[in-house]
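Asks: any chance you could fold what I've pasted below:
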Amino acid sequence: MKTNVSLLLSILVMLVVAPNMNAQKKKPSKKGIYTAWYLHKEMSKMIDSAKLRGKATGPCDPLIYIKSLGKKGIIPSPKKELGVAMDSLGALLTNPRSMETYGFDYWPLSEFNKSKTYGEFVNNFYNKDIGQLNKTKFKASNEYYRELKKIKKEGVTIYKRTVTKKNCTYSIETKFNFTKWDGARDTDNQWIIYRAIFSGKLETNIKINCKCKGKSTNDLKKAHFRYEMPTSFVIDFSKKGNKQLWRPVKKRASNLDLVNTECCTANDISYEDPSLEIAPTENISLPNQTLGAFGGVGFGQDFEESSICLGAEYLYNATKLGNSALFVGANVELETSSFMENTNTWVGFGPTAQLFIPISPRGDVHVTNGLSANVIFGSNDNNGIRDDISGFGITLNTGLNVPLGNNISVALILPVLNYQNLTFESEEGESSFEQQNTSLFIGKGSTTKLGVRFKF
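Replies: Have a look, this model is predicted:
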């Protein structure tokens, strides 16, 4: 009867204390950090190589939101939260409370792997029946056995975290679901005396909840994503202690499942504040980076002189300024201009900064105001006489950025003020002269450009 009471108490304790790796310990050990880097590598691989399964329902695109979170938002630091979680996982599997191991730390885990029942575990470990155990040994062995039995069936939660980004909350939980526990003595290595191998799947669930107030039906309300990838966790018990690491498996296809999605509805959108009806709202659809391609034309000398240009642009979302976003990056362009028998051809490249200012209620249409600087080099051909061109140019521009879809937008760039300082040097190097050009709005070297920007 006493044995049954003790057993019941142990089970109640186990139900209250769930196996969660979010321990109270704040600083991880060196071993925990070491193990966490292996897990970080596996999780990065899982995210980078994930194949999307499932389609969104409704007009909103939930994939934009998961991309905006990024790996840093999903995976904690190995030197902090992830390292603490690895310390907890190692202790859960290898530290059997007050069970005496007599220096053989692998012994409880080894006997658990060989036992099908608690009675068999006790017999293998203590060489006794359950009824022959004292209270201390019974409690320790029963607690250890049942805890491992529970996580073997249900998996173990490695960490939970919540990230708030703009108007959305991301609830992130990573688990390791076991498919096979195995272990054996290692005869090939003089230091390793037992190796425990836990096969299973890493699983990261990300649940997104966004506020719909002041938004549109094209914005996200809720979504649930799940990353999955097979992997294995290994503990090498040796005479020098135990070493823990995550090891890739041969077949480890990674998947990203879109479990469900829900877009904002007309009932969700509330305009209690009248200013929300006309004021641009913050929009998560602004990308982290864009890559653009443009073509443009310019005219001068009463339209007798014309310029044609082709260009490319890279922009990075550097910082938020109120409802606006400042992008910085670089551009390169090839321009050719002609006037009677005179033809200039040059290449310019340099830094650029563009401020995206939302002007639509949803915040997806932007006015773009920016500044660009270019280093210029090329040639001038005047009726067969060739000069080399070098110099620099500075352009102040405005424009418009309008989305065409989830990952592409059409962009118009209008020059406001352009300044060029160019040096023309004869091909033989015998003579040179300097020319300064200032254009207001469209002109030579100051082209209006139309193109597309790709988000990623």
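Asks: show me the contacts for Y118.
Replies: Taking Cβ atoms under 8 Å, 6 or more residues apart in numbering, we find Y118 in contact with 130, 141-142, 145-146. Using the backbone N, CA and C atoms, a C-beta is placed for each residue, glycine as well.
Asks: next step: the residues you listed restricted to helices.
Replies: Among the contacts of Y118, DSSP state H puts 141-142, 145-146 in helices.
Asks: returning to that earlier point: out of the contacts of Y118, who's nearest P248?
Replies: The closest of the contacts of Y118 to P248 turns out to be Y145 (Cβ to Cβ; 30.2 Å).
Asks: is it true that that closest one touches F112?
Replies: Yes. Assessed by Cβ atoms under 8 Å, Y145 is found in contact with F112 at 6.5 Å.
Asks: which neighbours do these two have in common?
Replies: Common contacts of Y145 and F112 (Cβ under 8 Å, 6+ apart): F121.
Asks: show the contacting residues for the spatially most central residue of the chain.
Replies: Nearest to the mean C-alpha position of the chain, by Cα atoms, centre = their mean, lies G70 at 1.6 Å. Counting by Cβ under 8 Å, 6+ apart, G70 makes contact with N288.
Asks: let me know the helix or strand that it is in.
Replies: Remark: G70 resides in helix 63-74, with elements defined by DSSP states H and E.
Asks: and that helix, which residues are buried?
Replies: Buried residues in helix 63-74, counted by 16 or more other Cβ atoms under 10 Å: 63-66, 68-69, 74.
Asks: so after that helix, what's the next helix or strand?
Replies: Next element after helix 63-74 (DSSP H and E): helix 81-94.
Asks: what's that following helix in contact with?
Replies: Helix 81-94 has contacts (Cβ under 8 Å, 6+ apart) with 19, 21-23, 25-29, 31-33, 35-36, 39-40, 75-77, 105-106, 108-109, 147-148, 151, 156, 158-159, 161, 196, 198, 233, 235, 237, 242, 244.
Asks: restricted to strands, list the residues you listed.
Replies: Cross-referencing those against strands under DSSP state E gives 156, 158-159, 161, 196, 198, 233, 235, 237, 242, 244.
Asks: where does pLDDT dip in this protein?
Replies: In the predicted model of the chain, residues 1-25, 96-98, 102-103, 185-192, 239-241, 270-285, 299-304, 361-362, 428-430, 442-446 satisfy pLDDT under 70.
Asks: state the distance from N317 to L326.
Replies: 8 Å (Cβ to Cβ, to the nearest Å).
Asks: can you give me the strands for the stretch 201-350 of the chain?
Replies: 220-238, 241-247, 255-263, 289-300, 305-321, 324-339, 342-358 (DSSP state E, counting those that start in this stretch).
Asks: okay if I get those strands as TSV plus mean neighbour count?
Replies: Converted to TSV, the strands of the stretch 201-350 of the chain look like this (neighbours: other Cβ atoms under 10 Å):
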stretch	mean neighbour count
strand 220-238	21
strand 241-247	17
strand 255-263	18
strand 289-300	18
strand 305-321	17
strand 324-339	18
strand 342-358	18
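Asks: now, the most widely separated pair of the buried residues of helix 63-74?
Replies: Largest pairwise distance in those, by Cβ to Cβ, is 15.4 Å, between I64 and I74.
Asks: buried ones from the contacts of Y118, can you make that a ChimeraX selection?
Replies: The buried subset of the contacts of Y118, as determined by 16+ other Cβ under 10 Å, is captured in ChimeraX by this line:
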select :130,141,142,145,146
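Asks: could I get the contacts of Y118 as TSV with distance to N124?
Replies: Formatted as TSV, those follow (distance: Cβ to Cβ, whole Å):
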residue	distance to N124
I130	12
S141	11
N142	14
Y145	11
R146	16
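Asks: what helix or strand is V452 on?
Replies: In this structure, V452 sits in strand 448-455 according to DSSP H and E.
Asks: before we move on, what about I376?
Replies: Going by DSSP H and E, I376 is part of strand 366-382.
Asks: got it, and I47?
Replies: Assigned by DSSP H and E, I47 falls in helix 30-48.
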